[in-house]
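**Q** Show me how the following folds:
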Amino acid sequence: MSDIKYEISKELGVLSENAKGWKKELNLVCWNERDAKYDIRDWSEGHEKLGKGVTLTGEEIKKLRDILNNIDL
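**A** Numbering: from 1, shown residues only. Next up is the predicted model:
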């Protein structure tokens, strides 16, 4: 399996942190030298290791925003 290259181009915010210090973050990430996408996933301190997550385009993040804005929390 080939290595996955990533670069966090902008850190947007931390959603939570677990007892081991991993943080669930929303970032703009370039995967394999492609255009940056919005990304939600767990990261170890210093961003050396990453967990499973979800990557969204600009249009998808706008739709997610609209959905969340219509939920009665």
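
**Q** hey, let's count contacts and neighbours off CA atoms from now on
**A** Will do.

**Q** Just to check, Ile40 is in contact with Gly53?
**A** Yes: A contact is recorded between Ile40 and Gly53 when judged using Cα atoms under 8 Å, the distance being 5.5 Å.

**Q** count of residues packed around Ser9?
**A** A count of neighbours around Ser9, defined by other Cα atoms under 10 Å, yields 13.

**Q** Show the contacting residues for it.
**A** 27-30, 36 (Cα atoms under 8 Å, 6 or more residues apart in numbering).

**Q** can you rerun that using 10 Å?
**A** Each residue near Ser9 by Cα atoms under 10 Å, 6 or more residues apart in numbering is listed here: 27-30, 35-37.

**Q** for Lys20, same thing?
**A** With contact taken as Cα under 10 Å, 6+ apart, Lys20 is in contact with 44-45.

**Q** Would you map the helices across this structure?
**A** Listed in chain order, the helices of the chain (DSSP state H) span residues 58-69.

**Q** Now do the same contact list for Ser16.
**A** Listed by Cα under 10 Å, 6+ apart, the contact partners of Ser16 are 22-25, 42.

**Q** Please tabulate those in CSV and include neighbour count, distance to Ile67 and pLDDT as additional columns.
**A** Formatted as CSV, these follow (neighbours: other Cα atoms under 10 Å; distance: Cα to Cα, whole Å; pLDDT from 0 to 100):
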residue, neighbour count, distance to Ile67, pLDDT
Trp22, 19, 27, 97
Lys23, 21, 24, 98
Lys24, 20, 20, 98
Glu25, 19, 20, 98
Asp42, 23, 23, 98
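
**Q** Taking those residues, tell me the two that lie furthest apart.
**A** Trp22 and Glu25 (9.4 Å; Cα to Cα).

**Q** Give me the common contacts of the two.
**A** Any residue near both Trp22 and Glu25 by Cα under 10 Å, 6+ apart counts here, and that gives 16, 41-43.
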